[in-house]
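Student: Next one to model:
(chains A and B)
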Amino acid sequence: MIKFSKQQLKIPQMSKDVYLVTGGMSKFDRAIPEKRTEELVIDAFLEAAEFIKKTPEELKEYIHSCYYGHFADHFGSQLLGESVIHDRLGLDPLGNVGIKTGGATGGSTIWEAYKAVASGYSDTVLAMGWERMDEVPTDEGNNYIASAADKDWETPLGHIYTGYYAVMAQKYWQVFGKQEASFRRTLAEIAVKNKGYARMNPHAQSPMKITVEDVLNSPIVADPLRALDCCLMSVGASCVILADKKTAYELTDNPLLIYTSAGTHTLRVADRRDMDIPLLPNETADQYKDLGKRFPGGDRYPGFTGFLAARMAAYYAYGMAGIVDPMEDLDLVELHDAFTISDIQTYEDIGIRPYGEGRKYVESGECYHTNPLTGKPGKLPANLSGGLIGNMHAVGATGIMQVVEIGQHIWGRWAEMHADEAKWKRFNRTKPDDWTDLQVVGAKRALAISHAGVGSHVTATVLVHPDHQLERKS
Amino acid sequence: MTVENRGTVKVENGRYRVSGNFSYGYPNSPIRDESGKLVGITNPADITHIHTYGGEAPFFESLSKQKLLGTKCANPKCETYGSVYIPYRIHCPDCLMRCEEIDLTELARKGATVHTFMITERTGAFNTLKKPIRFVNVEFDGVSTILMGYLSVGEPKMGMKVVPIFQAKNPTYTILDLSWVPMGTDAADLPEGFSF
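Tutor: Numbering: from 1, shown residues only, chains lettered A, B, ... in the order given. Sure thing, here's the model as predicted:
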């Protein structure tokens, strides 16, 4: 499908408003030999209950159906792992379903949970995601991940997913980055930022105080990407509770409005056909007329440089939440920084900056909590959790972790959830002496992007404080 | 432990007939921490899967015959009638009618263009390609898709012209039987078992 019909471009209109009530997370790490997956899931659930001052029993009384995000059954050689988790959470005999969309599994889990409430099927639902990537050696893990590429046409080529991604990175690097050293440094800045923010997060797997030079000197994974440009492989769990308005206000005084949408594109990048750029509300067709002239080789869309799935997810979500310009209408974002370069690609796909100009979001300093150029708050801070590069990528949990994080900012409770000495101690981690409060002051609206592989699935979740709703455009 | 009499499969009367060994169990071993406390166990397994190429089988068979097949939408009523696909698509993605097979070998021999590439030293378990692997994604005139493959001679560059080579000797009947080399490469420089 390379042309869209009117029906396909319809902005979703849900039957009921849906609210985020609470959320929680476990510790994230490369390996957690001392805990079974269900123990991590229970850690996340307990944090969510505690956040709204409920006992687990009290919270469970409200849950009517459950949505479980877990991507890679084969890592743990346990099919129907969702059923194990459901039993250990004591949620039988409620309906549950497992959701798998690669790296976007967490976001897709929220998408399904959201629709269950919006439709009226359930008043309150649990969306829980987890992943366990520590039960095979790394090269076997790489083979497993590569089996999410096309089994016959791609996987035999090296059994290495990074390779299928890196051809896109290389194209972006040469066409839009023009192989400039300054662009390579901008990429490195993203890793420095995200590893640095991870230092303030007790849940985070890879907190690091590093410099651009450290990134540029780290081992090459696939040129131009180096080890410190890449996301983590993690173990952990995260969850959210969604509810309709009436129930949400029974459970808490200040639930947040939530809107979730999804887009897709071909599993094999090879199958992408040429098409016109679908426009977001803050763009015009004219602005892309000379894209191929400004960036020779950049005229094929989405080619190997854009993620159509992300663009479509943003198109639907912005329409649902009334967002016209993400820079103006949002206060923070959590993006799927699988690689520094794909982070930049996403800025363009979701309209933070036009195609070809993603790097300027970083270079302007506006993606930081505090803009390093002006010393003032960044206009749209990104990945204050540390993202996939600094915090975690426990696949099924990732998209849910992002929503918990942005929710804590809008609730004004980020510091409470990240400064707690007891939590640092419980996770056997040392809180840094220069720990900094990254709360985005006055956050009202935020976005999370959950993304699979080379762009096969992407979801967009927008959280809005109910006092700060935007008008939905017709 | 070595695996003897590794399983093989054939199809007779529309059914799989298997012979030999497909699954091997091995003893578990305990995982302990520094203090000697039990943490878990290993679960060794050796499994052979059975997999059909279905309607794509002609593509994989043709590689061993030095032919590169693609498909084309042959439904004149389809909005994208005449679009050519490689990777080979059995059905047109728009009208879902069965595509017509077309031989792209001569078109490819005139030179395909490298759209993008990457070089990696890293691989996953079970990789059989020589490292570093040079991935190339190649475009052909008049084809709507961009095929992924690997370069066997020289260094890749965007825009370079490459031609296909095929493992006709001892083929694996996988996508690895197709590789690419810069246009003008001498036959003597091709990897063992490959020919133009």
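Student: Count the residues that sit near residue 81.
Tutor: Assuming you mean chain A. When neighbours are defined as other C-beta atoms under 10 Å in any protein chain shown, residue A:81 has 21 of them. Placement of C-beta: from N, CA and C, glycine included.
Student: you looked at the wrong chain, it should be chain B
Tutor: Neighbour tally, residue B:81, other C-beta under 10 Å: 15.
Student: Can you check the pLDDT for it?
Tutor: The model reports residue B:81 with a pLDDT of 96.
Student: repeat for the one 5 residues further on
Tutor: Note for residue B:86: predicted pLDDT of 96.
Student: Need the contact partners of the stretch of helix or strand residue A:213 belongs to.
Tutor: Following DSSP states H and E, one finds residue A:213 within helix A:212-216. Contact with helix A:212-216 is made by A:184, A:185, A:187, A:188, A:189, A:191, A:192, A:226, A:228, A:229, as judged by C-beta atoms under 8 Å, 6 or more residues apart in numbering or on different chains.
Student: buried set for whichever helix or strand comes after that helix?
Tutor: From helix A:212-216 onward toward the C-terminus, using DSSP H and E, the following helix or strand is strand A:220-222. Within strand A:220-222, the residues that qualify as buried are A:221, A:222, counting by 16 or more other C-beta atoms under 10 Å in any protein chain shown.
Student: which secondary structure elements does strand A:220-222 contact?
Tutor: Packing contacts for strand A:220-222, counted by 3 or more C-beta pairs under 8 Å, 6 or more residues apart in numbering or on different chains; DSSP states H and E, involve helix A:161-175, strand B:112-120.
Student: And those: which comes nearest residue B:95?
Tutor: Proximity to residue B:95, assessed across these by C-beta to C-beta, is greatest for strand B:112-120 (26.5 Å).
Student: Determine if any part of that closest one is in contact with chain A.
Tutor: Yes - residues of strand B:112-120 contacting chain A under C-beta under 8 Å from any C-beta of the partner chain: B:115, B:116, B:117, B:118, B:119, B:120.
Student: List the contacts of that strand.
Tutor: A:158, A:160, A:162-163, A:166-171, A:174, A:221-223, A:303-304, B:131-140, B:146-147, B:151, B:156-164, B:180.
Student: if you set the cut-off to 6 Å instead, what comes out?
Tutor: A:163, A:166-167, A:170-171, A:222, A:304, B:132-140, B:146, B:156, B:158, B:160, B:162 (C-beta atoms under 6 Å, 6 or more residues apart in numbering or on different chains).
Student: Give me the mean pLDDT for it.
Tutor: The model assigns strand B:112-120 a mean pLDDT of 95.
Student: Let's see that strand as CSV, backbone CA atoms only.
Tutor: What follows is strand B:112-120 as a C-alpha-only set of coordinates in CSV (Å, rounded to 0.1, in the frame of the first residue of the first chain):
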residue,chain,number,x,y,z
ALA,B,112,22.7,-3.3,-10.5
THR,B,113,23.5,-0.2,-8.4
VAL,B,114,24.5,-0.2,-4.7
HIS,B,115,21.8,1.9,-2.9
THR,B,116,23.5,1.5,0.5
PHE,B,117,25.9,-0.9,2.3
MET,B,118,27.6,-1.7,5.5
ILE,B,119,30.5,-3.7,6.7
THR,B,120,30.5,-5.7,10.0
